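**Q** Following is a predicted model, sequence given first.
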Amino acid sequence: MALPIHIPDLFTGTVVEWERLEFKEGWNPEAVLHALCAFANDLHNWGGGYLIIGVAERDGRPVLPPAGLHPNQLDRIQKEILSVAHRISPAYHPVVEPCVIDGSHILVLWAPGGQNRPYKAPISLAKDEKTHAYYVRYGSSTIRAKGPLEAELLQLAANVPFDDRVRPDAEVADLSLRLIQAHLQEVKSDLFEASGAMDLARICSGMRIVDGPPENLRPRNVGLLFFTDDPRRFIPEVQIDVVHFPDGKAGEIR
C-alpha cells in the first residue's frame, strides 16, 4: 500500500512537522519498537508519525544524501518490523513502504495514532525481558513515559479525538473519490497514481480515513470533514475560520 504523502517531502519538514519524524541510519529493532509505540500513543494528537530507516539524523534533521540500506536487507527487515510490531500491546501494525531516494534504498514506516491507546512495549528485546513501558514523543525524541507524562497519556487515552471517531451513521460511499484524488494529486502522493486501479474503500483504508472490519467499514470524522461535498450533512457545526497573524510593521501573514 502506497503512503498518502509525497515521500521526498518528509525530508523538508514542511509538510510533516519534525516532531512527527524519526530517522534511523540503520536497522535497530529495539529503537524502532519504542518509536512505533510512541507514535501509536500519539500523546499530542498529531496523528502519529513517520519512521524512516536508512537515513542518518543530526540535531533532529536528516543527513542527505541517505546512507541507505543494502537492497538484500529490505525483505528481511520488513519481516522483522512485523515481528517487532507484534511486541506492542494492544496489537498495532504500521504501514511499511520501501522506496529509493537519491539512489539509496530506504524504508518508510507510517505509524498513525492508534485507536486503542495507551500502548506498551517491552523496554528491551532480550528473551527474558518481562517489563513493559509506555513510550511517547517528546519534541523530536522518543522517550519512556514516566510520572506526569504517563498520567497525561492515561488520561488522554480515555478520550478518542473527534477527528478519529468513527461515524456509524455514515458509509464509505459518502466520501468523494473526486475530492480524495484531487487531494492526493495536490500533495504529490504516490497513492494518486495507484488509486486509478483501486476501489474507494481500499483508497480510504490506505489514507486511514475509515475504520472498522472489512465488512463494516465506516468513515472517520476527519474523512467526512475533508472529503464530502457537504460536510454539514454529518457535522452541522463545521466552519472554516481564517486567522490573521501579525508580522511586525511589515504587514500580516495569513
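**A** Sure, I can see it.

**Q** Quick check: which ranges of the protein have low pLDDT?
**A** Low-confidence regions of the chain, defined by pLDDT under 70, span residues 1-2, 213, 247-254.

**Q** Span of stretch 77-92 from start to end?
**A** 17 Å (CA to CA, to the nearest Å).

**Q** Flag every buried residue along that stretch.
**A** Neighbour counts over stretch 77-92 (16 or more other CB atoms under 10 Å) mark Ile77, Ile81, Val84, Ala85, Arg87, Ile88, Tyr92 as buried. All C-beta spots, glycine's among them, are computed from the backbone N, C-alpha and C.

**Q** could you redo these as a markdown table and give each row distance to Ala67?
**A** Listed next are the buried residues of stretch 77-92 as a markdown table, based on distance: CB to CB, whole Å:
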| residue | distance to Ala67 |
| --- | --- |
| Ile77 | 14 |
| Ile81 | 18 |
| Val84 | 21 |
| Ala85 | 23 |
| Arg87 | 26 |
| Ile88 | 27 |
| Tyr92 | 27 |
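
**Q** Of those, which is the nearest to Val55?
**A** Ranked by distance to Val55 (CB to CB), the buried residues of stretch 77-92 are led by Ile77 at 13.8 Å.

**Q** how much space is there between the closest one and Pro62?
**A** Between Ile77 and Pro62 the computed distance is 19 Å (CB to CB, to the nearest Å).

**Q** First-to-last residue distance for stretch 132-144?
**A** First-to-last residue span, stretch 132-144, CA to CA: 10 Å.

**Q** Can you give me the buried ones in it?
**A** For stretch 132-144, the neighbour count (16+ other CB under 10 Å) marks Tyr134, Tyr135, Val136, Arg137, Ser140, Thr142, Arg144 as buried.

**Q** Doesn't the fourth one lie inside a helix?
**A** Looking back up the chat, that one is Arg137. No. Judged by DSSP: H, G, I helix; E, B strand; the rest coil, Arg137 forms no part of a helix; its state is strand.

**Q** residues touching it, list them.
**A** Going by CB atoms under 8 Å, 6 or more residues apart in numbering, Arg137 touches Glu19, Arg20, Ala38, Phe39, Leu43, His44, Trp46, Gly49, Ile143.
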